[in-house]
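Trainee: Output the structure for:
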Amino acid sequence: MPEDPNTTLQDLFGVAGKTAVVTGGSRGIGYMIADGLVRAGARVYISSRKEDDLRAAAAELSKHGHCVALPADLSGDAGANELADGVAEHEDHVDILVNNAGAAWGEPMDSFPEAAFDKVLGVNVAGVFLVTRAFLPMLRKAASHEDPARVINVGSVNGIAPPGPGTNNWSYSASKAGVHMLTRHLAGDLADEHITVNAIAPGPFRSKMMAFVYDTPEVAEVVRQSVPLKRHGEPSDMAGTVIYLSSKAGSYLTGAIIPVGGGLGAI
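Mentor: Numbers count the residues shown, from 1 in each chain. This next block holds a predicted model:
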């Protein structure tokens with residue numbers, strides 16, 4: 001059956017009324033994503049470990065729509081289940097799950113500790129799996145053939161192409177490559193349940209994790225020049241990609257890794 005010729009842009013890209021969960025939503029890329037979804041009319045729940053920062057972020061986002069803060073430590077099963085239970089107190093289903101919470105560690109190879117791998121891979125890879133599993137019952141309730149539930153994982157261009165010399169984020173780049181493969185694995189397993197799973201691989205965006213770049217103008221300029229489009233990412237770049245993946249326009253996409261880095265990781 002052909003598509004309705006009267007389909008509007010709002011029909012294609014609208015997410016109003018959908019329920020979304022954004023982990024690590026109190027700052028940086030997570031905040032950009034949550035802000036975009038709130039402004040687009042979604043009911044958004046954000047989580048992070050730091051309760052004061054989280055509640056301040058939710059208060060600011062609530063000026064533009066519906067946003068609720070649910071503090072959680074997502075480094076293990078207990079925190080993942082606590083967050084899912086917290087959302088279930090407000091909603092009976094989840095349309096969109098954004099796994100953005102992450103950790104990083106930078107240190108020269110000679111002194112890079114074993115704990116840096118345990119922490120970073122635990123949060124960035126195992127955490128994505130555990131949170132997705134905890135939300136499966138609510139995602140299944142939202143899923144349909146016509147409008148799948150969506151899982152969107154935040155990877156990194158560092159998981160596609162090695163970062164430059166001296167970056168020293170050994171466990172971070174390895175973890176983001178793991179996020180990309182986990183995304184493909186989950187996409188294959190959950191397709192029959194009408195749940196799509198995709199990943200966004202951001203390039204340089206202004207965030208606390210990138211403070212080592214933006215605190216030094218000379219370094220920020222070197223990074224900017226390394227981007228084929230010669231600019232840093234803006235909040236609208238991240239919000240727009242998530243809204244596309246969450247809307248009807250993105251409903252036939254699963255298992256994709258989308259570089260959002262001005263050409264980094266793609267050219």
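
Trainee: Report the contact partners of Leu121.
Mentor: Ser171, Ala174, Ser175, Gly178 (CB atoms under 8 Å, 6 or more residues apart in numbering). Every residue, glycine included, has its C-beta placed from N, CA and C.

Trainee: Report the distance from the helix or strand Asn153 falls within to the chain centre.
Mentor: Assigned by DSSP states H and E, Asn153 belongs to strand 149-154. Relative to the centre of its chain, strand 149-154 is centred 7 Å away, using CA atoms, centre = their mean, to the nearest Å.

Trainee: Ok, stretch 31-40 next?
Mentor: 12 Å.

Trainee: hmm, who's touching it?
Mentor: Contacts for stretch 31-40 (CB under 8 Å, 6+ apart): 14-16, 20, 22, 25, 44, 46, 57, 61-62, 64-67, 96, 98, 100, 205, 235-236, 238-240, 242-243, 246.

Trainee: let's see it at 6 Å
Mentor: With contacts defined as CB atoms under 6 Å, 6 or more residues apart in numbering, stretch 31-40 is touched by 15, 20, 22, 25, 44, 46, 57, 61, 64-65, 67, 98, 235, 238-239, 242-243.

Trainee: Now do the helices in the protein.
Mentor: Taking DSSP state H as the test, the helices found in the chain are 9-13, 28-39, 51-61, 77-88, 114-121, 127-142, 170-190, 211-214, 217-226, 235-246.

Trainee: State the mean pLDDT of the strand holding Asn153.
Mentor: Strand 149-154 shows a mean pLDDT of 98.

Trainee: Over to stretch 168-188?
Mentor: Mean per-residue pLDDT for stretch 168-188: 96.

Trainee: tell me which residues in that stretch are buried?
Mentor: Applying a neighbour-count criterion of 16 or more other CB atoms under 10 Å, one finds 169-180, 182-184, 186-187 buried in stretch 168-188.

Trainee: go on, stretch 39-46?
Mentor: Residues of stretch 39-46 classed as buried by neighbour count (16+ other CB under 10 Å): Ala40, Gly41, Ala42, Arg43, Val44, Tyr45, Ile46.

Trainee: which residues does the last one contact?
Mentor: Under the criterion of CB under 6 Å, 6+ apart, the neighbours of Ile46 are Val22, Gly25, Ala34, Ala58, Ala69.

Trainee: Any idea what it is bridged to?
Mentor: Ile46 has these beta-bridge partners by DSSP bridges: Val22, Ala69.
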